[in-house]
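# Give the three-dimensional model of this entry:
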Amino acid sequence: MRLHHLSDSALRSLLSTTEDEHAVAELLDAEVSRRLLLLRAVLDAASDFPEAESGGVREAWRLLEDAEKLEPAGFRAALLDPQVGLWAAGLFRRLSREAEASDDVGSDDVGSGDVVADEPSLQAELGFLSLLAVSVSVAAGADFRVRVPVQDGAVFLPGLGRAHVGGGAWGWAEVWGRDGVVTVTSDSTAQTDSAAETGSTAETGSTAETGSAAEVGGPAYAPSASMTSTTVTLPADPEGDAPGWQGLRRLRSVHAGAALTVTLDDLGPCPAVPGLAGAGRLTAERFAAWQERFDEMWRVLVTDHPAAARALSTGLMSVVPLPRGERLRARAASSSDAFGCVLLSEPDDDIDVRSAQLGVALVHEFRHTLLNGLIFLMPLFEECVELFHAPWRDDPRPLGGLVHGAYAFSGVAHYWRTRGSEGLAGFEFALWRDAVHAVLETLRTHSALTPLGRALVTTLDEQTAPWRDDRVEPDVEHLALLAAAHHRAAWRAHHLHPLPAHAEELARAWQASAGRANPYARPRVPAARPHLRTDPAACRLDALALLARLSIIAPREFEELRAEEDPGRRVPGVGPADVALVAGDAEAAVKLYADELTGADARPAAWAGLGLALTERGETAAGAALTEQPEVALAVSRLLSTPADPVALARWLAL
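Numbering: from 1, shown residues only. Prediction:
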């Protein structure tokens, strides 16, 4: 379904390796239309559920309509809040799911679907509409009174912050707006120990009067006159903290007249990526550190990547801070339901490169946002059950993931290309240039792409093709080639499996050849196409890329790691052979990989590393046998009662 029309110029800009502020603005308009449709769909779907009345949906809708008339710009800003997108999309899916479930069991059971563990009541989730109405009403300066849900003792107001009023996992509170003063009041009978983190009733406010059920939105809420309440009053500037109140803070950076303002969302209750926990509320010191990093990054973007800076200034809305990741494994993510939201771990403290790394992380995830916005309007691919190797992921990826990756990493490669051909920039450019080229080759002729999907692939192909002729510093280009080849071969070792009969025949032939005049001779076994079976244990297949980066930006730290007997204690997923290979010591790498593969708990990726080390040592045929089909060597070795010499097996497989 086409929700909104994009201009031809915006569409051309979106099918590109670069970002354009005008195209972003048009996507934002389209996202507003989509959110409005989602709200309408939620309202219509909720009418079939009795929880809608007790959740105050109709009352909240009327309040929202009144506030929008007073403050259209505030309504648009609240509607585009990533938390609102996550809530609306998630609730619509839930309503659809529960409606389907009720259809399966009979019309008498409407609204009685099973509750998912830790999922709020439907009544409470519908009540989020009241929270949205409050935010818009505050922006409009309107007087209002509305009932809202309480989660874990807190009331989250989109775009504003969080009031701690006490209570259990779920409950209800009341929000008043009078003459510009906003208060949040909770029934004290629902308080639990969670109230202790913000202070007692006396510290956070006073006893508030209670009103009739009709005034606050539903017959389910009827407090008695004897109840006391905990009240939190929002400060004049909601971004600041106050007793019982935590404001949503903004990161604000300005350079050369260009400004960036984004919400640092460390309060939102709707997770953008389920299972990926945020860092929680940041201390003032950590917030200041984020501000410092953003100031550094913004200077780099505005100076060296002005088009990307303008696009981010137009469409980047919030950053969800994640706990700091492993060394040189910064984490970043985004959600199709949260336009303009990026989840991001704080960058490492490598002063010379951290601003560039933070900038590329934002560009990378923002390009996912742009493509998601485009896909909502016009599909790029049809349903496809195939899974593929993606050079940026440990797991096999569906076609959509491949398209997304090609689009995002074409922007990443463009970013690093702008930064130069030496050092980290040269390495990253060479790595992602070749990765994008390989994926575009897969996509170029795929039948599941729509005409627009083919146009995207064609445009990216045309724009990135000249990059293959760009000269890069030889040493870093060699490291990029090693890292790419290792990832591809390690991925195969984990996820591809030869037919059992094929592996068994090779194992029998290997055992039969032992002790003969030519122990490496083997019968010609017809090659069989391996089948893909996802290995959930595949993890940190970026080991060589990480070590390459470390050797470039922190050579002393790399040498210290090389001296470690077990470097994996400092850098998870890395073995001593990997360090030797990146250091250029092929002889040591061959020995170390062979030692690992004849011992217990050898990594499947060690076969890939051994193949590369043999190639580096000049044994190209044996090396190719392992880098091109490491899954064969792995399967054969697992069938042998006595561990084989890995190097001998590689030479034998190469015959």
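# Low-confidence stretches in the stretch 401-550 of the chain?
Residues of the stretch 401-550 of the chain that meet the criterion pLDDT under 70 lie in 515-527.
# and the residue nearest to the spatial centre of the chain, what does it touch?
With distances taken as C-alpha atoms, centre = their mean, the residue of the chain nearest its centroid is A333 (1.7 Å). A333 makes contact with 272-273, 276, 342-343, 365, according to C-beta atoms under 8 Å, 6 or more residues apart in numbering. Glycine gets a C-beta too; all of them are placed from N, C-alpha and C.
# Filter those residues down to just the ones in helices.
Assignment to helices by DSSP state H places the following of these there: E365.
# Need phi/psi at R162.
Backbone geometry at R162, expressed as degrees, to the nearest 10, gives phi -140, psi 130.
# State the pLDDT value of it.
Per-residue pLDDT puts R162 at 97.
# which residues does it bridge with?
With DSSP bridges as the criterion, R162 is bridged to F156, Q246.
# Quick check: bridge partners of the residue nearest to the centre of the chain?
Beta-bridge pairing of A333 under DSSP bridges involves L343.
# Numbering from 4 from now on, please.
Okay, using 4 as the starting number, the last item reads as A336.
# ranking the contacts of A336 by neighbours, who comes first?
V345 (27 neighbours; other C-beta atoms under 10 Å).
# Give the burial count for D155, as a bare number.
By other C-beta under 10 Å, 16 other residues sit near D155.
# Mind pulling up the pLDDT for it?
91.
# One more: G278?
What the model reports for G278 is a pLDDT of 84.
# Phi and psi next, for it.
phi 90, psi -10.
# for V265, same thing?
phi -140, psi 150.
# Same question for L499.
With angles defined as degrees, to the nearest 10, L499 sits at phi -100, psi 140.
# check contacts around it.
Contacts for L499 (C-beta under 8 Å, 6+ apart) come out as 533-535, 634.
# swap in S321?
For S321, the contact set (C-beta under 8 Å, 6+ apart) comprises 84-85, 265-268, 271, 341, 343-345.
# Ok, R495 next?
Applying C-beta under 8 Å, 6+ apart, we find R495 in contact with 392, 533, 611, 632-634.
# who wins for neighbours among these?
A611 (29 neighbours).
# For the helix or strand harbouring that residue, which outside residues touch it?
Per DSSP states H and E, A611 falls inside helix 608-619. By C-beta under 8 Å, 6+ apart, the list of residues contacting helix 608-619 from outside reads 485, 488-489, 491-493, 495-497, 544, 546-547, 578, 580-581, 583-584, 587, 589, 592-593, 596-597, 599-600, 623, 625-631, 633, 636-637, 649-650, 653.
# So what's the gap between the longest helix along the chain and the chain middle?
If you go by DSSP H, the chain has its longest helix at helix 24-49. How far helix 24-49 lies from its chain's middle: 22 Å, per C-alpha atoms, centre = their mean, to the nearest Å.
# Same question for it: list its buried residues.
Buried residues in helix 24-49, defined by neighbour count with 16 or more other C-beta atoms under 10 Å: 24, 26-27, 29-31, 33-35, 37-38, 41-42, 44-46, 48-49.
# picking up where we left off before, closest one of the contacts of L499 to E465?
Closest approach between the contacts of L499 and E465, by C-beta to C-beta: L535, at 30.8 Å.
# Dig out what that closest one forms beta bridges with.
L499.
# Next, count neighbours for it.
14.
# how close does it get to E634?
Noted for L535: a distance of 10 Å to E634, by C-beta to C-beta, to the nearest Å.
# Need the overlap of contacts for these two.
By C-beta under 8 Å, 6+ apart, the residues touching both L535 and E634 are 499-500.
# is it fair to say W175 lies in a strand?
Yes - per DSSP: H, G, I helix; E, B strand; the rest coil, W175 lies within a strand segment.
# residues near it, how many?
As a burial measure, W175 scores 26 neighbours (other C-beta under 10 Å).
# Confirm for me that it is in contact with V151.
Yes - counting by C-beta atoms under 8 Å, W175 touches V151, with 7.1 Å between them.
# got any residues that touch both of the two?
G130.
# Just confirm L485 contacts V585, I think it does.
Yes - the criterion here is C-beta under 8 Å, and L485 meets it with V585 at 7.1 Å.
# So between those two, which is more surrounded?
Each of L485 and V585 has its neighbours counted (other C-beta under 10 Å); V585 has more, 26 against 23.
# Not counting residues beside it along the chain, what's closest to that one?
L550 (4.3 Å; C-beta to C-beta, 6 or more residues apart in numbering).
# Now do the strands for the stretch 204-353 of the chain: every range, in order, please.
232-236, 248-250, 252-258, 261-267, 321-325, 335-336, 344-348 (DSSP state E, counting those that start in this stretch).
# With H481 as the reference, name the closest of those strands.
Counting by C-beta to C-beta, H481 lies closest to strand 335-336 out of those; the figure is 27.2 Å.
# Buried residues, stretch 153-171. List them.
For stretch 153-171, by 16+ other C-beta under 10 Å, it's 153-170.
# for that stretch, the distance to its chain's centre please.
Distance of stretch 153-171 from its chain centroid, counting by C-alpha atoms, centre = their mean, is 26 Å.
# Span of that stretch from start to end?
One end of stretch 153-171 to the other measures 8 Å (C-alpha to C-alpha, to the nearest Å).
# Report the contact partners of L535.
L535 touches 390, 399, 498-500, counting by C-beta under 8 Å, 6+ apart.
# now do 10 Å
389-392, 399, 495, 498-500 (C-beta atoms under 10 Å, 6 or more residues apart in numbering).
# Please determine how far it is located from P607.
From L535 to P607 the distance is 14 Å (C-beta to C-beta).
# swap in C344?
For C344, the distance to P607 equals 36 Å [C-beta to C-beta].
# So these two - more neighbours on which side?
Comparing C344 with P607 by neighbour count (other C-beta under 10 Å), the higher total belongs to C344, at 29 against 23.
# got a list of what the closest residue to the more buried one other than its chain neighbours touches?
Leaving aside its chain neighbours, C344 sits nearest to P85 (3.6 Å; criterion: C-beta to C-beta, 6+ apart). P85 is in contact with 161-162, 266, 268, 271, 273, 275, 320-323, 337-338, 340-345, 372, counting by C-beta under 10 Å, 6+ apart.
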